[in-house]
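> Could you work out the structure for the sequence below:
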Amino acid sequence: MAELFASGTIVDLILVLVLLETALLALARHLGRRAPKLTTLLPNLAAGFLLLLSLRAAIADLGWGLIALPLGLALLAHILDLAGRWPRRRSESEPGS
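Numbering: from 1, shown residues only. Purely as a prediction, here's the structure:
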């Protein structure tokens, strides 16, 4: 078990699980099952995936640039996720405002 963590294989397995989760959610939507819209989940899934990639790069002792790049991209994905969840301000022309 310790080797799974030391080698980074555990991160590889989790990355595969995230991809599988994304595929299963897309399939569920395609089949008409009740599932969240993938477009609303993608920024969140991407942020997590990119953080895992950064962790994998760090475990593999890759250069700082290969650790920082996915971290920066994860930040962008996180900001997109927050922007999508942020409540919209009602315009004055909308009823109830």
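> Quick one: neighbours of the closest residue in space to V11 that isn't next to it in sequence, just the number.
Nearest residue to V11, sequence neighbours excluded (CB to CB, 6 or more residues apart in numbering): R56, at 4.5 Å. Any C-beta I mention is one placed from the backbone N, CA and C, and that applies to glycine too. R56: 20 surrounding residues under other CB atoms under 10 Å.
> all numbers from here: first residue = 12
Understood, numbering begins at 12; the last thing we discussed is R67.
> Counting by contacts, list what the helix or strand containing R67 packs against.
Assigned by DSSP states H and E, R67 belongs to helix 49-70. Judged by 3 or more CB pairs under 8 Å, 6 or more residues apart in numbering; DSSP states H and E, the packing partners of helix 49-70 are helix 20-41, helix 75-96.
> Alpha carbons of the first one, as PDB, please.
The one in question is helix 20-41. The C-alpha trace of helix 20-41 is given here as PDB (Å, rounded to 0.1, in the frame of the first residue of the first chain):
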ATOM      1  CA  THR A  20       0.100   5.200  -8.700                       C
ATOM      2  CA  ILE A  21      -2.700   6.100  -6.300                       C
ATOM      3  CA  VAL A  22      -3.000   9.500  -8.000                       C
ATOM      4  CA  ASP A  23      -3.100   7.800 -11.400                       C
ATOM      5  CA  LEU A  24      -6.000   5.600 -10.200                       C
ATOM      6  CA  ILE A  25      -7.900   8.600  -8.900                       C
ATOM      7  CA  LEU A  26      -7.400  10.500 -12.200                       C
ATOM      8  CA  VAL A  27      -8.900   7.500 -14.000                       C
ATOM      9  CA  LEU A  28     -11.800   7.500 -11.600                       C
ATOM     10  CA  VAL A  29     -12.400  11.200 -12.300                       C
ATOM     11  CA  LEU A  30     -12.500  10.600 -16.000                       C
ATOM     12  CA  LEU A  31     -14.800   7.600 -15.500                       C
ATOM     13  CA  GLU A  32     -17.100   9.700 -13.300                       C
ATOM     14  CA  THR A  33     -17.200  12.300 -16.100                       C
ATOM     15  CA  ALA A  34     -18.000   9.700 -18.700                       C
ATOM     16  CA  LEU A  35     -20.700   8.100 -16.600                       C
ATOM     17  CA  LEU A  36     -22.400  11.400 -15.900                       C
ATOM     18  CA  ALA A  37     -22.300  12.200 -19.600                       C
ATOM     19  CA  LEU A  38     -23.800   8.800 -20.400                       C
ATOM     20  CA  ALA A  39     -26.500   9.200 -17.800                       C
ATOM     21  CA  ARG A  40     -27.500  12.500 -19.300                       C
ATOM     22  CA  HIS A  41     -27.400  11.000 -22.800                       C
END
